[in-house]
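Peer 1: What follows is a predicted protein model with its sequence.
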Amino acid sequence: MASCAILLALSSCASLQRSSDQGAVKDVAELINAGQVQKLAAMSETPFLVDQEIVSLKADVESFWNGVVKAGFRVQGAALEEAVPADAASYAQFANTFEVKSFFSSYVQKGSRVLRMSTSGGKHILLLVKSDWFSKKLIGFKGPF
Amino acid sequence: MRKATLLAVILLAAAAGAFAVPADVTYADGDATLKLKSGKTQDVQVGDKMNTGDTLRTGKDGLAELDQGGVTIKINSGTVFTLMEREAGGKTQTVLSMALGSIKYKYGKISGSEPQVRTNGAAAGVRGTEFTVFAGADGSTLFAVDSGQVDVESEGKTVQLTAAQGVEVPLGQPPGEVVPLHSDQIDYSKWNDDKLSAMLSDPLAAVQNIQTTLSGYVKDANDYFTLLQQYREKLADEQKKLADIRAQKGSQEGSKYADEVVNPILTQTINLGLNVRFSALAALSLRRFVGGRLYVMMKEKYIVQQDDPAYQQFLSQYAGMLSSFEGSIVPFLVQADI
């Protein structure tokens, strides 16, 4: 009986986590598609990782989102493909460099997630997300690749 | 191996108290953050002390003013400023380094041992009292002197500026022509936008310029590191001799030997370590604030046409620059630098 309750609780937690991950992917895709630069900038923290580059200035993160939207980038058919906790080895998914490894060690807190998003064009995007009960913060973006 | 050697020298420097005069924050407004040498980041407050290795960043609405041993440093918005130090002529010299943005410097009095003012691509020796430095997105620097005299050096060429004169230094090139200029005449935003447009119109040349300047830092770091290793061996030998002298001839003879032989080698070892770190951190600043920003801007521009040959060519050249950085500068960096 007790083991059933534990299994039920675990499965419930996993389902909540999955729902939260799917929500993050959906939110980011919708904001990009709607050209909501200010909201994307507001949900992004600095330092912010773009592929293998560490963006230190808030103005540059805002400028990045502005440039991406202005270039006509849209995420069609966004779906969560994979979601894993960000750990010490996750840096290699972004880039296998000392800088990105240090970024993960110094700035990626416990509880952060690496979300792999697929799009209808067959491309993939990685999001590095920090979330708590009240908010989701984006701390990295890679792709489309 | 290199990181371990440098770490040992950093500890030696800390033990010897061989760090530059800190800068006191006398004014702060808007978005201004301080990234400490330890890697921690905090909001800037009046009364904060900025020590060697710390970096102050101002956002779009941020301003800060510092006092560093009598030098007033007025940091404008959108600026990245780091307090560094290096050895020059046998002495430790403070370096006021900016990666981006604009800063006005005002010297209360000239003592002959003024800090050096640097950007990613140029250095200035100061014999003046008031001048402004503008660091552009492409690594270019613009100096404008309001009063006094400033010597601007890049790529082995030095030009002298006096009041109401200015000079532009493109990244990886010597200073250009000295022109009549006052800092109030310069619209930094427009000047920087022009630099940015030029850089994006020829990104391959921009990466080449970054690579050329990086190569200079790599050479300096390697040269200093070779000397550092020699001095560390010499220091270890002399410290053994010192222990023998103390054991055989007493503490008075030991102290004499320490003052005359060991301590000068220790000082030189620390100075060489400072110079290795200085070269590596200058390279990191260039790679991050010129190279990295160029990469992100190119990504934005080509995000919906990633197969464009021009973009692919850029990526290939950029990857070469990154690989060179990873192999030659990263061995001199530690996690907190990032």
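Peer 2: In hand now; what should we look at? Note that the structure is predicted; figures quoted are calculated from it, not measured.
Peer 1: show me the contacts for the residue nearest in space to the middle of chain A.
Peer 2: Geometric centre of chain A, nearest residue: residue A:127, 2.4 Å, by CA atoms, centre = their mean. Residues near residue A:127 by CB atoms under 8 Å, 6 or more residues apart in numbering or on different chains: A:24, A:25, A:28, A:114, A:115, A:117, A:138, A:140, A:141. Glycine gets a C-beta too; all of them are placed from N, C-alpha and C.
Peer 1: One more pass at 10 Å, please.
Peer 2: Residue A:127 is in contact with A:21, A:24-25, A:27-29, A:80, A:83, A:113-117, A:136, A:138-143, counting by CB atoms under 10 Å, 6 or more residues apart in numbering or on different chains.
Peer 1: Report the contact partners of whatever residue of chain A ends up closest to chain B.
Peer 2: Going by CB to the nearest CB, chain B is nearest to residue A:67 of chain A, at 2.9 Å. Residue A:67 sits next to A:37, A:73, B:296, B:297, B:298, B:299, B:300, B:301, B:303 when contact means CB under 10 Å, 6+ apart.
Peer 1: go again using 6 Å as the cut-off
Peer 2: Residue A:67 sits next to residue B:300 when contact means CB atoms under 6 Å, 6 or more residues apart in numbering or on different chains.
Peer 1: In three-state terms, label the closest residue in space to residue B:123 that isn't next to it in sequence for me.
Peer 2: The shortest distance from residue B:123 to any non-neighbouring residue, by CB to CB, 6 or more residues apart in numbering or on different chains, is to residue B:153 (5.0 Å). Following DSSP: H, G, I helix; E, B strand; the rest coil, residue B:153 is assigned to strand.
Peer 1: how close does residue B:153 sit to chain A?
Peer 2: Distance, residue B:153 to chain A, by CB to the nearest CB, to the nearest Å: 27 Å.
Peer 1: partner residues bridging that residue?
Peer 2: Per DSSP bridges, the residues bridged to residue B:153 are residue B:123, residue B:158.
Peer 1: Run a quick neighbour tally on it.
Peer 2: Number of residues near residue B:153 (other CB atoms under 10 Å in any protein chain shown) recorded here: 17.
Peer 1: Which of the three states applies to whichever residue of the stretch 201-338 of chain B sits closest to chain A?
Peer 2: Closest approach between the stretch 201-338 of chain B and chain A, counting by CB to the nearest CB: residue B:300, at 2.9 Å. What three-state DSSP gives for residue B:300 is helix.
Peer 1: ok, and the closest non-adjacent residue to it?
Peer 2: What sits nearest to residue B:300 in space, not counting adjacent residues and going by CB to CB, 6+ apart, is residue A:67, at 2.9 Å.
Peer 1: host element of residue B:166?
Peer 2: Taking DSSP states H and E as the criterion, residue B:166 maps to strand B:165-169.
Peer 1: residues touching residue B:70, list them.
Peer 2: residue B:108.
Peer 1: Alpha carbons of stretch B:88-100, as CSV, please.
Peer 2: Output in CSV follows, covering the C-alpha atoms of stretch B:88-100 (Å, rounded to 0.1, in the frame of the first residue of the first chain):
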residue,chain,number,x,y,z
ALA,B,88,56.2,47.4,-16.3
GLY,B,89,59.8,48.5,-15.9
GLY,B,90,60.2,46.3,-12.8
LYS,B,91,57.2,47.9,-11.0
THR,B,92,53.6,46.8,-10.6
GLN,B,93,51.4,49.1,-12.6
THR,B,94,47.6,49.5,-12.3
VAL,B,95,45.7,49.1,-15.5
LEU,B,96,42.3,50.7,-16.0
SER,B,97,40.9,48.5,-18.7
MET,B,98,37.6,48.9,-20.6
ALA,B,99,36.1,46.4,-23.1
LEU,B,100,33.2,48.4,-24.3
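Peer 1: How about residues contacting it?
Peer 2: B:20, B:80-82, B:84-86, B:115-120, B:135, B:285, B:289.
Peer 1: Quick check: the farthest pair among those?
Peer 2: Largest separation among the contacts of stretch B:88-100 by CB to CB: B:20 and B:289, giving 21.7 Å.
Peer 1: Name the residues of stretch B:39-50 that are buried.
Peer 2: Buried residues in stretch B:39-50, defined by neighbour count with 16 or more other CB atoms under 10 Å in any protein chain shown: B:41, B:44, B:48, B:50.
Peer 1: shaky segments in the chain?
Peer 2: Picking chain A for this. Along chain A, the model assigns pLDDT under 70 to residues A:1-13.
Peer 1: ah, I was thinking of chain B
Peer 2: For chain B, the ranges with pLDDT under 70 are B:1, B:7, B:9-20, B:128.
Peer 1: Work out for me the element the nearest residue to residue A:32 once chain neighbours are set aside sits within.
Peer 2: Of all residues not flanking residue A:32 in the chain, residue A:75 sits nearest, at 5.3 Å (CB to CB, 6+ apart). Secondary structure assignment for residue A:75, by DSSP H and E: no helix or strand.
Peer 1: quick check, the residue nearest to residue B:300 in a helix?
Peer 2: Yes - counting by three-state DSSP, residue A:67 is part of a helix.
Peer 1: End to end on stretch A:119-136, go ahead and measure it.
Peer 2: 21 Å (CA to CA, to the nearest Å).
Peer 1: Could you pull out the buried residues of it?
Peer 2: A:119, A:125, A:126, A:127, A:128, A:129, A:130, A:131, A:136.
Peer 1: okay, among those, which ones form the most distant pair?
Peer 2: A:119 and A:130 (22.8 Å).
Peer 1: Could you list the contact residues of chain A toward chain B?
Peer 2: Taking CB under 6 Å from any CB of the partner chain as the measure of proximity, chain A contacts chain B at A:50, A:53, A:58-59, A:64, A:67-68, A:71-73, A:97-99, A:102, A:105-106.
Peer 1: let's go with 7 Å and repeat that
Peer 2: Applying CB under 7 Å from any CB of the partner chain, we find that chain A lies next to chain B at A:50-51, A:53-60, A:64, A:67-68, A:71-73, A:97-99, A:102-103, A:105-106.
Peer 1: quick one: contacts of stretch B:329-338?
Peer 2: A:54, A:98-99, A:102-103, A:105-106, B:2-3, B:6-7, B:37-39, B:218, B:221, B:276-277, B:280-281, B:283-284 (CB atoms under 7 Å, 6 or more residues apart in numbering or on different chains).
Peer 1: shouldn't residue B:119 be in contact with residue B:140?
Peer 2: No - the pair residue B:119 / residue B:140 is not scored as a contact, 8.5 Å apart, by CB atoms under 7 Å.
Peer 1: Specify which residue of the two has the higher count of neighbours.
Peer 2: residue B:119 (30 against 27).
Peer 1: Quick check: chain neighbours aside, which residue is closest to residue B:239?
Peer 2: Here the residue nearest residue B:239, using CB to CB, 6+ apart, is residue B:262, at 6.3 Å.
Peer 1: give me the number of residues near that neighbour?
Peer 2: Residue B:262: 20 surrounding residues under other CB under 10 Å.
Peer 1: do the one 5 residues further on as well
Peer 2: For residue B:267, the count of nearby residues is 19 (other CB under 10 Å).
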